[in-house]
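Visitor: Could you work out the structure for the sequence below:
(chains A, B, C, D, E and F, ligands or ions: 6)
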Amino acid sequence: MDPIILFFLLGLAAGLAKSELKLPSAMYEFVSILLLLSIGLKGGVELARQPFLALLPDILAALALGVFLPLVAFPVLLLLGRFKRADAASIAAHYGSVSVGTYAVAVAWLASRNIEFEAQMPLLLVVLEIPAILVGIVLVRGMGQQTRWGEVAHEVFLGKGIVLLIGGLLIGWLSDPDALASIEPLFFDLFKGILAVFLLEMGLITASRAGSLRHYGVFLIGFGIAMPLFGAGVGGLLGLALGLSPGGTMMLATLAASASYIAVPAAMRISVPEANPTLSLTASLGVTFPFNVLVGIPLYWRLAEFLHALPGGG
Amino acid sequence: MDPIILFFLLGLAAGLAKSELKLPSAMYEFVSILLLLSIGLKGGVELARQPFLALLPDILAALALGVFLPLVAFPVLLLLGRFKRADAASIAAHYGSVSVGTYAVAVAWLASRNIEFEAQMPLLLVVLEIPAILVGIVLVRGMGQQTRWGEVAHEVFLGKGIVLLIGGLLIGWLSDPDALASIEPLFFDLFKGILAVFLLEMGLITASRAGSLRHYGVFLIGFGIAMPLFGAGVGGLLGLALGLSPGGTMMLATLAASASYIAVPAAMRISVPEANPTLSLTASLGVTFPFNVLVGIPLYWRLAEFLHALPGGG
Amino acid sequence: MDPIILFFLLGLAAGLAKSELKLPSAMYEFVSILLLLSIGLKGGVELARQPFLALLPDILAALALGVFLPLVAFPVLLLLGRFKRADAASIAAHYGSVSVGTYAVAVAWLASRNIEFEAQMPLLLVVLEIPAILVGIVLVRGMGQQTRWGEVAHEVFLGKGIVLLIGGLLIGWLSDPDALASIEPLFFDLFKGILAVFLLEMGLITASRAGSLRHYGVFLIGFGIAMPLFGAGVGGLLGLALGLSPGGTMMLATLAASASYIAVPAAMRISVPEANPTLSLTASLGVTFPFNVLVGIPLYWRLAEFLHALPGGG
Amino acid sequence: MNQDRSHVLKLLTVVTESALEARMVRDLERLGAAGYTITNARGRGHRGVREAGWEVERNIRIEVVCDEATARRIAAHLQTHYYDNYAMILLLSDVEVLRPEKFQA
Amino acid sequence: MNQDRSHVLKLLTVVTESALEARMVRDLERLGAAGYTITNARGRGHRGVREAGWEVERNIRIEVVCDEATARRIAAHLQTHYYDNYAMILLLSDVEVLRPEKFQA
Amino acid sequence: MNQDRSHVLKLLTVVTESALEARMVRDLERLGAAGYTITNARGRGHRGVREAGWEVERNIRIEVVCDEATARRIAAHLQTHYYDNYAMILLLSDVEVLRPEKFQA
Ligand SMILES: Nc1ncnc2c1ncn2[C@@H]1O[C@H](COP(=O)(O)O)[C@@H](O)[C@H]1O
Ligand SMILES: Nc1ncnc2c1ncn2[C@@H]1O[C@H](COP(=O)(O)O)[C@@H](O)[C@H]1O
Ligand SMILES: Nc1ncnc2c1ncn2[C@@H]1O[C@H](COP(=O)(O)O)[C@@H](O)[C@H]1O
Ligand code: NA
Ligand code: NA
Ligand code: NA
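Guide: Ligands and ions are numbered 1, 2, ... in the order given. Below you'll find the predicted structure:
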């Protein structure tokens, strides 16, 4: 098995067994900061090698995807799940956005199989973080003046995650490739080790949600598995339509399947405070993250292969 | 000299000189977590290469060693040292168990001399952590119902150190060797650097015990040096009897000589709270740890060489 | 561009835009501790290769430089800047001493251009930290008994920065070169990556001074640029006089141009508490550090080249 | 430090979600607090366990020393704007201070 | 936030060894505390210096707001079970709270 | 834990610059405090924002439980020696303690 998955399972098992293991929060922040910068840097380096304009269709497609997914999730949560409007909108926003942790695991999965994917993926990761947040807010508040859009924009564009991802992208883009070599030992060589530590903590966090999972029951579990499968389907088809390679198609499927647990919770807390954060985090962290990491990623690769094997599939 | 020993001396000197140098506790925890995982991983990788059943004699021998050592130490502490029963039992438990820091220094010492040792050592490290704790509790409480054994088991098996060591072992064991290569830069290449930082902090901690050392006087110093020497002798002979290589014999001697300062203090605090933790930590951290790191490890290598040079010594 | 400069600019931009990005303080301390140890180690390794006595002239010259610079800065601050005596002395002390962060950026700048410099530079870095502090105190208090010199010496020689730098130097010096190889992955290979993270935080800290910059106005900005230029001139000429290589000349110019923001503020806070730390930190961190990193370092290299091209310039 | 009545001020202690830190600081300034002190915290209350593990579920503990009127104004503001939707408790007690002028905005 | 007598509760502050955190949390729940707030701390007392450097010798500072009976029950329990063998101090003071119902278990 | 008057002591809380920690500890010992508890903090006051980001501009929050005379002696000492030149506030309040003998030096 892949060791990084085992690190996740170790954290999960330790958490469920109520072990004393706890990572200091500064350590969790350290590894997440390094991960975000690494992903951005890697993307920036690749982007520097191609004309920016050629990426416009992909960017627009990602924006559309980020608007479409929450609009599908919202009525399901409202009508089938019988959630309050604010809760349905907030959960929908989480699933329309993306998870950097899931993205990193997919990157590592492909890398260990030497499967290539398109350089613009980190850019699409950034692009996909944002629209679902705005859709979520509009679903609750309408387009009216009730929402302080300035504050929302601040929260969205200047949150830690986005700043580090975009910052990394720009640094990778603008840096002299030779000079970059000297920072590679920290940001590239250690990437999977750092990811392993990150997943250990994610396992502990996931385990801490077991209680609320029991409490909020089967609908959340069902939604937390069905929604990523649906998202992966849409993302995979979109990847195919954009002419992405199998690796790129799989990455887009994974992004669509993943649910945010950093940027969106922070933004929703400020913009839609009446939504109960326990609901969305339980679904996103307690169900969808482990599902994607343990089951989804290999599945989405099969999906990408299947789509590309279709007649006319690239 | 070996730089990691110099890092320890730097910490010691800075601490004794009352320098302002202080490592943030999150940094100390970060490096200990990485060390524990690295040791476990390394062991797991090696273990994966051999049949598990062949290890049973070694495991049973380690269990016996972990029971025997505190039973020797206890009467000495009680009668010669005139400690209270709880204190004698607690100190005995510390010396029956092992120190991961000392183990790591011994690993580095052998590695820098290209001396091999058996793959099962990290497993024996884990096995040796535990029996002395139970012996210590029984020495104070008897086998009666007074002790909440459930809580003790929780404390012992789910403490941070054991979970990370066993977790690392299992991950190393179960992981695809190729996939492991990608996490090696963090867990293997940085091992000695991380150990250096760890020893810097250990030097500071050791220095902070100078006060209590003066207070509790010569018996603790004597015991803190004699007991590891005795332990090393027993461990070395046991290693020879088990047919270990010189490197393995030296490692088992070192394990027997080392005294716990993480798992046992935590367990004793909960199970034998009336024992004064200052006594055991002063002996284990203030005397035995520096003794082993500075003097003991080279000595135990000589011992292993000597034993193996005996007629019939393998 | 050099990625580490871009990291600084990212921190600066994020801070000025009031982004949520904040590094945990344990992370900042972790990277500074690693940087200080790395610089010391590197220097110690090099020093081990040469006779110590040959360095005496350089050491004496550095001491003289550290006394001379604050004596020039002080009357300027007092008379032109109209600062209170304590404030003028404190700022002068900051500029007479050195900045380890600036030094590290200069090291990285030269390394990426494969320009050599003399091995004793880290030693001169340490030597230059200290005299300006004493000069600053004497400028306020005179040589009288008012000052508790014992406490000052403790603060100066046992502060975190000096202990780690000197400790690193000694460890590098005394260590077996072969054994050092095993800690290189952490202390040498990761150096520039760690420096990048450090500069990200420095950018955030610099940005946090924007407010006081507006408040204290143009004199501080002018001084914060003019003083390093003057210092670089003096340092460059001194380097030439000492017969340093162009790289060494540039390093000495950079040291002279840089202003302390760790050792001196800590010492002044204790010894000259009536000096307003906001003034000196705003100049040193808000003006001089970014100036040196962004503009000064390339300039000081030009200066070194120019000096060495002079007839008789070596 | 005599016990002159005028030296007794109010200490308002707020325990709430870390995510609100920037907002709290802005609100406190606007409502006339001359200063504040913040420490990181974890805890449990009606909104469940909030442990210091990761950023989304951490607490901060804010202390503000001010006159009674300011304390009640801040408390009322926080109660209106945050109490329903955020993990938050508010405590008020008496403290004696040195140099009361330091605590006026 | 009027000054109705019923709004005054007790604030129990415990400073003790970090190693006891899990136990304290369990005990507090069992003894009827509706919540608690914990911060990391270091200090000195009769059991010597306990500095935040490494895990075995660190302190935590626990605050519990509750009615007087619960506070005294908790204090008595801690005193009986931990006072003799662990580094621990207990402090009790009055605090005024908003919405006292939040502090009932 | 009865309410005998003799069990009420003073809680002195000091918020000041981290750089002073070693000095504070020395002064407290010399001035007769039987113990103290320290936590890391950040904040704002007359000397501006002091955020926990880096060492030079961080705060600590010190608590000392002692009898009134000792508290006033310490407060007076700190006021004389540090108040003018350092970021510092001093708060004093009443606390009831278990076993008052624990708080005598
Ligand atoms: N009774 C209490 N005593 C002390 N702290 C409390 C209490 N209730 C709540 N808290 C703190 O306030 C935070 C928010 O409380 P709540 O809004 O009830 O979830 C909790 O996470 C605790 O840190
Ligand atoms: N007089 C005091 N004032 C404030 N904190 C104290 C005092 N005495 C003890 N403490 C705190 O309580 C912890 C345990 O105290 P002790 O049981 O006396 O060792 C110490 O480590 C301090 O953090
Ligand atoms: N009114 C206040 N309420 C709470 N804490 C304060 C207050 N004023 C100052 N502080 C704290 O005390 C520190 C020093 O205050 P000052 O000397 O006014 O800068 C600040 O950084 C805050 O942490
Ligand atoms: Na998604
Ligand atoms: Na042992
Ligand atoms: Na200088």
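Visitor: Go through the chain and flag its longest helix.
Guide: Picked chain A for this. If you go by DSSP state H, chain A has its longest helix at helix A:210-241.
Visitor: that's the other chain; I wanted chain D
Guide: Assignment by DSSP H gives helix D:68-82 as the longest helix of chain D.
Visitor: which of the residues in it are buried?
Guide: Within helix D:68-82, the residues that count as buried by 16 or more other CB atoms under 10 Å in any protein chain shown are D:70-72, D:74-75, D:78, D:82. In this view, the C-beta of every residue, glycine as well, is placed from N, C-alpha and C.
Visitor: For the residues you listed, name the two members farthest from one another.
Guide: D:T70 and D:Y82 (17.5 Å; CB to CB).
Visitor: Can you check the pLDDT for A:A257?
Guide: Turning to A:A257, the model gives it a pLDDT of 98.
Visitor: Return the list of helices and strands in contact with the helix or strand just after the longest helix of chain A.
Guide: Beyond helix A:210-241 on the C-terminal side, the first helix or strand identified by DSSP states H and E is helix A:246-257. Contacts defined by 3 or more CB pairs under 8 Å, 6 or more residues apart in numbering or on different chains; DSSP states H and E place helix A:246-257 against helix A:100-112, helix A:121-129, helix A:210-241, helix A:297-309.
Visitor: got the CA positions of helix A:246-257 in CSV?
Guide: Once non-C-alpha atoms are left out, helix A:246-257 reads as follows in CSV (Å, rounded to 0.1, in the frame of the first residue of the first chain):
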residue,chain,number,x,y,z
PRO,A,246,-6.1,10.9,-18.8
GLY,A,247,-4.1,12.2,-15.9
GLY,A,248,-5.6,15.7,-16.3
THR,A,249,-9.1,14.3,-16.6
MET,A,250,-8.6,12.3,-13.4
MET,A,251,-7.3,15.4,-11.6
LEU,A,252,-10.4,17.5,-12.7
ALA,A,253,-12.7,14.7,-11.7
THR,A,254,-10.9,14.6,-8.3
LEU,A,255,-11.2,18.3,-7.9
ALA,A,256,-14.9,18.2,-8.7
ALA,A,257,-15.4,15.3,-6.3
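Visitor: hang on, the earlier thing: burial-wise, tell me which of the helices and strands packed on helix A:246-257 comes out on top.
Guide: helix A:121-129 (a mean of 25; mean count of other CB atoms under 10 Å in any protein chain shown).
Visitor: Specify the angle between it and helix A:210-241 in degrees.
Guide: In terms of direction (axes from the mean of the first three to the mean of the last three CA atoms, to 10 degrees), helix A:121-129 departs from helix A:210-241 by 120 degrees.
Visitor: And for helix A:121-129, what's in contact with it?
Guide: A:39-40, A:42-44, A:46-47, A:55, A:58-59, A:62-63, A:65-66, A:97-98, A:100, A:103, A:156, A:161-162, A:165-166, A:168-169, A:248, A:251-252, A:255-256, A:260, A:263-264 (CB atoms under 8 Å, 6 or more residues apart in numbering or on different chains).
Visitor: what about 6 Å?
Guide: A:39, A:43, A:59, A:62, A:66, A:97-98, A:103, A:165-166, A:251, A:255, A:263 (CB atoms under 6 Å, 6 or more residues apart in numbering or on different chains).
Visitor: Pull out the buried positions in the worst-scoring helix or strand of chain A on mean pLDDT.
Guide: Across the helices and strands of chain A, mean confidence by mean pLDDT, DSSP states H and E is lowest for helix A:149-157: a mean of 81. Buried residues in helix A:149-157, defined by neighbour count with 16+ other CB under 10 Å: A:152, A:154-156.
Visitor: same thing with stretch D:46-62?
Guide: D:47-48, D:50-62.
Visitor: Now do the longest helix of chain A: distance to the chain's middle.
Guide: With CA atoms, centre = their mean, to the nearest Å as the basis, helix A:210-241 stands 13 Å off its chain's centre.
Visitor: cool, and stretch D:86-96?
Guide: 6 Å.
Visitor: Tell me how far stretch A:188-203 lies from the chain's centre.
Guide: On CA atoms, centre = their mean, the centre of stretch A:188-203 falls 16 Å from the chain's centre.
Visitor: close to chain B, is it?
Guide: Yes. Residues of stretch A:188-203 are located near chain B by CB under 6 Å from any CB of the partner chain, namely A:189-190, A:192-193, A:196.
Visitor: isn't there a helix covering A:V163?
Guide: Yes. Applying DSSP: H, G, I helix; E, B strand; the rest coil, one finds A:V163 inside a helix.
Visitor: In strands only, show me the buried residues of stretch D:46-62.
Guide: Assigned to strands by DSSP state E, the following of those qualify: D:48, D:50, D:59-62.
Visitor: Chain C: which of the residues you listed is nearest?
Guide: D:I60 (12.8 Å; CB to the nearest CB).
Visitor: Mind listing the residues bridging to the closest one?
Guide: Note on D:I60: beta-bridge partners D:T16, D:N40, judged by DSSP bridges.
Visitor: wait, doesn't it sit right on D:S18?
Guide: Yes. Counting by CB atoms under 6 Å, D:I60 does reach D:S18; the two are 5.1 Å apart.
Visitor: mind checking the SS state of the closest residue to A:E46 other than its chain neighbours?
Guide: Among residues not flanking A:E46 along the chain, A:A119 sits closest, at 3.0 Å (CB to CB, 6 or more residues apart in numbering or on different chains). Under three-state DSSP, A:A119 falls in the coil class.
Visitor: Could I get the pLDDT score of A:A119?
Guide: 87.
Visitor: Now it, what are its backbone angles?
Guide: Here is the backbone geometry of A:A119 (degrees, to the nearest 10): phi -70, psi -20.
Visitor: re the thing from before, secondary structure, distance to D:M24 and neighbour count for the residues of stretch A:188-203 next to chain B - can I get that in a markdown table?
Guide: Converted to a markdown table, the residues of stretch A:188-203 next to chain B look like this (DSSP: H, G, I helix; E, B strand; the rest coil; distance: CB to CB, whole Å; neighbours: other CB atoms under 10 Å in any protein chain shown):
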| residue | secondary structure | distance to D:M24 | neighbour count |
| --- | --- | --- | --- |
| A:D189 | helix | 41 | 19 |
| A:L190 | coil | 36 | 25 |
| A:K192 | helix | 39 | 25 |
| A:G193 | helix | 37 | 25 |
| A:A196 | helix | 36 | 27 |
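Visitor: Number of residues surrounding A:I59?
Guide: When neighbours are counted by other CB atoms under 10 Å in any protein chain shown, A:I59 registers 16.
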